[in-house]
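Asks: Dropping a prediction and its sequence here:
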Amino acid sequence: MADALTALTPSDLAAWLRRSSTLLAEHVSALNELDAAIGDADHGSNMKRGFAAVVTALDAEEFADIPALMKKVGMTLVSSVGGASGPLYGTFFLRLGTSQPGATQLDAADLLAALRAGVGGIEQRGKATVGEKTMLDAWAPALDAFEQASTGEDASDLAAAVRAGAEGAEQGREATTPLQASKGRASYLGERSIGHVDPGAASTALLWQALAETVAGQEGSA
Amino acid sequence: MKKIIDAVDDVVVDALRGMSLAHPDTLRVDLDHRLVLRAQPKDDGKVAIISGGGSGHEPLHGGFVGHGMLDAACAGEVFTSPVPDQMTAAIAAVDRGAGVLQIVKNYTGDVMNFEMAAELADAESGIAVRSVITNDDVAVEDSTFTAGRRGVGGTVLVEKIAGAAAEEGLDLEAVTAVAERVNAGARSMGVALTSATVPANGKPSFELGEDEVEIGIGIHGEPGRRREKLAPAKDLARTMLEPILAELPGEGPVLLFVNGLGGTPLLELYILAADAHEILAEAGIEVSRHLVGNFITSLDMAGASLTLLRLDEELTRWWDAPVSTPALRKGI
């Protein structure tokens, strides 16, 4: 096991994306099944395809700074995921990058600001707010937990703070179960959308798990 | 699953190749971007119109590319939105210096992908792009707490009428306003007798009993208002027309569009058309124009939808204007 990271370089972020791709591929059936209950049963396949394309793009090119890397990632996802998840995740990575012009590494405070900018992009693109049974219901508690753990006098190190964020995302994912969807295709089910985990919240929790593992220096990190 | 296909992963491209070979004089197909384009681009200075969406609704949208209707159509995977790269390629290909209107059915994925395409086109090339979102499906009752009414049959009428207005030389703002006016005056509702089977899934998307119909079905098999026992065509016509008439704005004559969802014979669609006509006559509503056939389908789903559109003199003139596409041809 490598040492835990204190700031993220482009190669660390690339490692996060590679780990995300692996985790999404491992969970492809589970995500498809969640989507079958309230959507059209392809969220796992779409995310697996999109992140495989991201890994191909990472293999082909070196990136000088974080905005350049994130622009490539965002545009690749927009072009390859399809449906609503492509624009949503694509916008997330594009905004994450443009919020840190010229940056070559992100410490905890930069990462928080970058993630908040990315999630702002998701809110704007999806015209959704927390509580509508979407991926935002995982992003919002993850960011809050990460912020709480990474700021103040008794702030944790980056690895522990990201771990807290990942736990927040998991709790947010589970908390989508009793919600009624009011955005996206699931909204047409009305009350019948209650009782199912939102697939977008589930894929968001996997991205946080991958980030936590990467920052902790576990498998898949560079 | 019993389907006439070669490879389940290639159905969209294989069908586009067939369209290209079947209509060499009217269409040009870009297989890389999965675009259907006119073989002869329209004149410089005229507004171009593109549309697109998930495949599986044929002839929508590629079948409506041609003189008097669309300039290009972007084909997504079956029941999945096309991606912005496709729309930006289409926009660049069809712009004649007067801007491009995108006609987008109201589904979350389609709306977001077309929105991103418009932003990218503006940033990359400065081409003026406007979008009109069609949302004519009255089956979605509580549109405040959902993604809103879905775009269904009215989309075909928007594409025809806005296409005629663009051909006549109206500018981008005016063509956009015509498309919005048609969408605002159109209301639709569908019923399904069977589910569709998406090739990649291999099995029906939902189960319906042998004697059941889904009232208010969406074109991807989204649930409607309720399930009922199958009834005679006239009762089905009444079941669809009542909520349509309750929400149809304005006064005056209407266009009656009887649409098959893919697995229902034309014989039955004409029965439905006769019944709908009779019900509207009883209600004192004049049907001044008709369209009957399979125009916006849901793969192999058995069922039909009804659309009413309020017509005035101007809309009627554009409806009657010449059109020459693989799926709709008149006056030429």
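Replies: Here it is on my side, so go on.

Asks: and the nearest residue to B:Gly202 once chain neighbours are set aside, how many neighbours does it have?
Replies: Spatial nearest neighbour of B:Gly202, chain neighbours left out: B:Met1 (4.5 Å); criterion: Cβ to Cβ, 6 or more residues apart in numbering or on different chains. (C-beta placed from N, C-alpha, C; glycine too.) Neighbour count for B:Met1, taken as other Cβ atoms under 10 Å in any protein chain shown: 12.

Asks: With B:Gly250 instead?
Replies: 11.

Asks: give the contact list for it.
Replies: Contacts for B:Gly250 (Cβ atoms under 8 Å, 6 or more residues apart in numbering or on different chains) come out as B:Gly185, B:Arg310.

Asks: From B:Glu159, how far off is it?
Replies: From B:Gly250 across to B:Glu159, the span is 21 Å (Cβ to Cβ, to the nearest Å).

Asks: picking that back up, the residue nearest to B:Gly202 is in contact with B:Thr197, isn't it?
Replies: Yes. Shown here, B:Met1 and B:Thr197 form a contact pair, counting by Cβ atoms under 8 Å, at 5.5 Å.

Asks: Kindly point out which residues are neighbours of both of those two.
Replies: Shared contacts of B:Met1 and B:Thr197, counting by Cβ under 8 Å, 6+ apart, come down to B:Lys203.

Asks: re the thing from before, can you give me the pLDDT of the residue nearest to B:Gly202?
Replies: Note for B:Met1: predicted pLDDT of 89.

Asks: Poorly predicted segments of the chain, please.
Replies: No chain specified, so I'll use chain A. For chain A, residues meeting the criterion pLDDT under 70 lie at A:1-2, A:219-222.

Asks: Chain B, not that one
Replies: By pLDDT under 70, the weakly predicted segments of chain B are B:143.

Asks: if you set the cut-off to 80 instead, what comes out?
Replies: Low-confidence segments of chain B (pLDDT under 80): B:142-145.

Asks: Break it into its domains for me.
Replies: Here the domain parsing of chain B from automatic domain parsing is B:11-185, B:186-317.

Asks: near chain A, which residues of the stretch 101-250 of chain B?
Replies: Within the stretch 101-250 of chain B, the positions near chain A by Cβ under 8 Å from any Cβ of the partner chain are B:107-109, B:112-113, B:115-116, B:140, B:142, B:145-147, B:150, B:198, B:200-201, B:205, B:218, B:220, B:222-223.

Asks: May I see the PyMOL selection of the buried members of those?
Replies: In PyMOL syntax, the buried subset of these is picked out as below (16 or more other Cβ atoms under 10 Å in any protein chain shown):
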select buried, chain B and resi 107+108+109+112+113+115+116+140+146+147+150+198+201+205+218+220+222+223
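
Asks: and the residue nearest to B:Gly202, what element?
Replies: Per DSSP states H and E: B:Met1 is located in neither a helix nor a strand.

Asks: mind checking how far it is from B:Val36?
Replies: Between B:Met1 and B:Val36 the distance is 26 Å, computed by Cβ to Cβ.

Asks: for A:Asp12, same thing?
Replies: Distance of A:Asp12 to B:Val36, computed by Cβ to Cβ: 44 Å.

Asks: Looking at those two, which one has more neighbours?
Replies: The residue with more neighbours, out of A:Asp12 and B:Val36, is B:Val36; 30 against 18, by other Cβ under 10 Å.

Asks: now the helices for the chain?
Replies: By default, I'm working from chain A. Assigned by DSSP state H, the helices in chain A fall at A:10-26, A:28-38, A:43-60, A:66-80, A:85-98, A:108-126, A:136-150, A:158-175, A:199-215.

Asks: meant chain B actually
Replies: Under DSSP H, chain B gives helices at B:11-22, B:84-94, B:108-125, B:154-168, B:172-184, B:233-247, B:266-282, B:313-320.

Asks: Which residues does the longest one contact?
Replies: What that stands for is helix B:108-125. Residues contacting helix B:108-125 (Cβ under 8 Å, 6+ apart): A:78, A:82-84, A:86-88, A:90-91, A:125-126, A:183-185, B:52-54, B:80-84, B:86-88, B:91-92, B:95, B:100, B:102, B:104, B:127-131, B:133, B:147.

Asks: Then the first one?
Replies: The set of residues external to helix B:11-22 that reach it, using Cβ under 8 Å, 6+ apart, is B:5-7, B:27-29, B:31, B:34, B:36, B:55, B:58, B:62-63, B:75-78, B:199, B:326.

Asks: tell me which residues in that helix are buried?
Replies: Buried residues in helix B:11-22, counting neighbours by 16+ other Cβ under 10 Å, are found at B:Val11, B:Val12, B:Val13, B:Ala15, B:Leu16, B:Met19, B:Ser20.

Asks: of those, closest to chain A?
Replies: Relative to chain A, the closest of the buried residues of helix B:11-22 is B:Val12; by Cβ to the nearest Cβ it sits at 11.7 Å.

Asks: one step back: which of the contacts of helix B:108-125 count as buried?
Replies: For the contacts of helix B:108-125, a burial check counting by 16+ other Cβ under 10 Å picks out A:78, A:82-84, A:86-88, A:90-91, A:125-126, A:183-185, B:52-54, B:80-84, B:86-88, B:91, B:95, B:100, B:102, B:104, B:127-131, B:133, B:147.

Asks: Name all residues that make contact with B:Met69.
Replies: Applying Cβ under 8 Å, 6+ apart, the residues contacting B:Met69 are B:Ile49, B:Glu159, B:Lys160, B:Gly163, B:Ala164, B:Val323, B:Thr325, B:Leu328.
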